[in-house]
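got a predicted model here, sequence first, then my questions.
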Amino acid sequence: MMTDTKEIQKKYCSRAMALAIIAALVFLAIDAKPVAKGLVLGTLFSVINFVVMAMLLPLRLDKSRRRSVLINLGSIGSRYILLAVPLVIAIHMDAVNFIAAATGLFMVQAVLVGEHFTKMVFRRD
């Protein structure tokens, strides 16, 4: 099971980073450096969040109810703090676009939804 999880992480995280880098290169070509930086920064933290979520998932299972609730709250809280980092950086630095950083935070989810959407549309029965 652990290798399956790692393979899934590698698949979606590498696709998300590749998409962000390609988009960043396009923004660099049109001289929108802050947007490119924000997109890559947000995507990097999106990937880290995805990996952390997968690492913490086994801790949330097979525990008492009280311990499970505490672990869940801690997991959610720490991941929210992690996701806030690129937004805080974007707010304090003019070299990073806030909206692009926020968009990058959803890159892994966008890749997941995009893959399922393309499978649904192009499914051959």
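Cool, got the structure.

ok, which stretches of this protein are strands?
All residues of the chain lie outside strands when identified by DSSP state E.

please enumerate the helices of it.
According to DSSP state H, the chain carries its helices in the segments 2-29, 33-60, 65-92, 98-104, 107-121.

looking at the ones you listed, which is buried most?
Of all the helices of the chain, helix 98-104 carries the top mean neighbour count, a mean of 21, counting by mean count of other C-beta atoms under 10 Å. Using the backbone N, CA and C atoms, a C-beta is placed for each residue, glycine as well.

how about the one residue sitting closest to the centre of the chain, what does it touch?
In the chain, the residue lying closest to the centroid (C-alpha atoms, centre = their mean) is Ser46, at 2.0 Å. Shown here is Ser46, whose contacts under the criterion C-beta atoms under 8 Å, 6 or more residues apart in numbering are 16, 83, 104-109.

okay, and for this protein, where does confidence drop off?
Low-confidence segments of the chain, defined by pLDDT under 70, are located at 1-2, 60-63, 124-125.
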